[in-house]
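Asks: test case, fold it:
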Amino acid sequence: MDNSYLLIFALLLGCLATTVPVFMALFFSGTVGLVCLVGIDPQIVIEVLYRSMDKFALVVVMFFVLCGNIMTTGSIVKKLINTANVIVGFLPGGLAMAGILACGFFGAISGSTVATVVAIGGFMIPALIENGYDEKFSVGIMTTSPILGVIIPPSIAMILYAMVSNDQLEALFLTGFIPGVIIMLAMSLYAYIACKKMGMKPRPRPCFSEVVAVMKESIWALMLPVLIFGGIYSGLFTANEAAVVACFYAFFVEIVLHKDMKITDIKKVIVSSAITSATLLIIVAGASVFGEYLTFEQIPGKIAAVVVDNISSPWVFLLAVNILLLFIGMFMDIISATLILTPIFLPLLGKFGIDTMHFGLIMTINLGIGYCTPPLGVSLYISGATVDRDIVYVTKAVLPFLLIQIIILFILTFVPEIVLLLPRLVYGVQ
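Replies: Got it, this is the predicted structure:
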């Protein structure tokens with residue numbers, strides 16, 4: 001790699017280190033590389049920006065963002081938490097397990113870790129503390145459980161990965177179900193053991209009539225993930241159409257059935273969703289310009305050649321990639337990292353015989369863990385603000401839960417059959 005490559009990467013890292021917005025750092029570095037070093041016409045940069053926005057796959061991102069905002073504005077989130085609580089709340093550590101399960105429910109609709117931290121963590125952390133749970137335990141478990149938002153489909157990160165890798169999105173979604181359930185079970189088991197050691201008394205087991213009452217009240221909220229996945233995997237509609245249907249369904253339920261959202265709230269929800277979507281889209285645009293520079297200079301191919309010459313085992317390659325991605329997740333958000341790194345890694349996967357969907361799930365978990373690792377970890381700051389604690393306190397609180405997730409990550413890395421089981425059963429993926 002000659003000095004010109006180093007200059008561009010140094011420029012990108014320098015921009016990020018000086019708190020230049022991520023999309024501007026990517027756009028500026030890519031433009032300098034394309035115009036000043038490659039020598040292309042600046043008009044091509046404009047064409048790249050246009051092409052990056054002219055992708056139908058991005059529609060699904062925007063509508064799932066809208067769906068998540070509808071749920072947090074209305075009462076669907078509260079009803080999902082109530083349902084989770086009635087299922088496991090009577091066990092030792094049951095309220096913590098309910099929080100984990102609620103993250104799974106919410107993640108199966110929103111596709112976002114940040115939205116899950118805000119919606120579920122913002123509600124559950126105070127609730128756990130009020131019910132006698134240790135503050136550090138409460139913060140740790142409700143900061144790390146929202147990773148389910150990017151693992152259990154629909155996942156915004158997976159949508160963007162599929163857009164770059166050209167994998168079938170519906171099949172890629174299926175890779176997240178079993179890993180998501182494994183993470184929920186492992187963290188729930190830890191909560192059970194930890195709370196028994198702390199001497200937490202279980203809450204009274206709800207009677208049958210209470211369970212029925214909660215389920216009856218929550219039925220419309222619980223039907224939302226059923227509608228999304230039932231529609232997609234029955235062939236009734238595509239993932240894009242499912243996102244639109246989910247938004248209309250959520251609006252109808254909150255306004256007409258639950259009556260917890262007013263007509264006047266629609267404008268606020270749509271504007272908020274538009275701002276969030278625009279933030280994602282400008283990162284996509286900036287990353288596309290930087291990716292174009294990488295393509296012009298054939299950097300992915302050159303990196304692939306260097307890696308293949310020095311690493312012969314796919315297991316050593318996957319181990320090295322996991323360590324690298326965990327490190328990158330500390331400094332870069334999942335959207336930018338997915339868009340930049342996927343084109344670099346894709347040429348290597350075929351050389352080592354690694355399935356692209358398996359790798360997509362591994363990349364998603366790795367970068368999802370980055371939400372809980374300093375200095376960039378967004379979830380750390382959100383949870384810290386909830387309990388008025390600094391990032392050092394929250395970082396210590398999440399460590400045991402991050403260890404669980406990293407152990408599961410390495411199991412999934414080296415046992416790809418777990419990840420690919422459902423895509424193979426449903427779509428015959430090899």
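Asks: for this protein, which helix is longest?
Replies: helix 265-296 (DSSP state H).
Asks: which residue is the nearest non-sequential neighbour of residue 225?
Replies: In this structure, residue 225 finds its nearest non-sequential neighbour in residue 108, 4.2 Å apart by Cβ to Cβ, 6 or more residues apart in numbering. To be clear about C-beta, it is placed using only N, CA and C from the backbone, and glycine gets the same treatment.
Asks: over to residue 93?
Replies: residue 195 is the one closest to residue 93 (Cβ to Cβ, 6+ apart), at 3.3 Å.
Asks: and the helix or strand harbouring residue 28 with helix 265-296, angle?
Replies: Mapping residue 28 onto the secondary structure by DSSP states H and E places it in helix 22-32. With axes from the mean of the first three to the mean of the last three Cα atoms, to 10 degrees defining the directions, helix 22-32 sits at 30 degrees from helix 265-296.
Asks: returning to what we had before: and the residue nearest to residue 225, which helix or strand is it part of?
Replies: Take DSSP H and E as the rule and residue 108 turns out to sit in helix 94-110.
Asks: what separates that helix from the chain centre, distance-wise?
Replies: 14 Å (Cα atoms, centre = their mean, to the nearest Å).
Asks: same deal with stretch 233-243?
Replies: The mean C-alpha position of stretch 233-243 is separated from the chain mean by 20 Å, Cα atoms, centre = their mean.
Asks: now what about it, what contacts it?
Replies: Contacting residues not belonging to stretch 233-243 are listed as 56-57, 59-60, 62-64, 67, 154, 159, 169-170, 173, 227-228, 230-232, 245, 426 [Cβ atoms under 8 Å, 6 or more residues apart in numbering].
Asks: and those, which of them are in helices?
Replies: Secondary structure from DSSP H places 57, 59-60, 62-64, 67, 159, 169-170, 173, 227-228, 230-232, 245, 426 of the contacts of stretch 233-243 in helices.
Asks: just the buried residues of those.
Replies: Among the ones in helices among the contacts of stretch 233-243, those classed as buried by neighbour count (16 or more other Cβ atoms under 10 Å) are 59-60, 62-64, 67, 159, 169-170, 173, 227-228, 231-232, 245.
Asks: and which of these is nearest to residue 306?
Replies: residue 159 (30.3 Å; Cβ to Cβ).
Asks: doesn't residue 59 make contact with that closest one?
Replies: No - applying Cβ atoms under 8 Å, one finds residue 159 not in contact with residue 59, separated by 9.8 Å.
Asks: ok, back up a step: of the buried ones among the ones in helices among the contacts of stretch 233-243, closest to residue 214?
Replies: residue 227 (20.0 Å).
Asks: next, count neighbours for the nearest residue to the closest one once chain neighbours are set aside.
Replies: The spatial neighbour of residue 227 that comes closest, neighbours along the chain excluded (Cβ to Cβ, 6+ apart), is residue 249 at 5.9 Å. One way to gauge burial is a neighbour count; for residue 249, by other Cβ atoms under 10 Å, it gives 17.
Asks: mind showing which ranges of this structure have poor pLDDT?
Replies: With pLDDT under 70 as the threshold, the chain has low-confidence stretches at 1-3, 429-430.
Asks: again, only using 50
Replies: For the chain, residues meeting the criterion pLDDT under 50 lie at 1.
Asks: spell out the residue ranges of the strands in it.
Replies: For the chain, no strands are identified by DSSP state E.
Asks: residue nearest the centroid of it?
Replies: For the chain, the residue whose C-alpha lies nearest the mean C-alpha position (Cα atoms, centre = their mean) is residue 150; its distance is 2.3 Å.
Asks: that residue against residue 363, yeah?
Replies: No - the pair residue 150 and residue 363 does not pass the contact test of Cβ under 8 Å, sitting 10.5 Å apart.
Asks: ok, residue 305 - contacts?
Replies: Contact partners of residue 305, counting by Cβ under 8 Å, 6+ apart, are absent.
Asks: same check, this time on residue 129
Replies: The neighbours of residue 129, taking Cβ under 8 Å, 6+ apart as the test, are 135, 138, 387.
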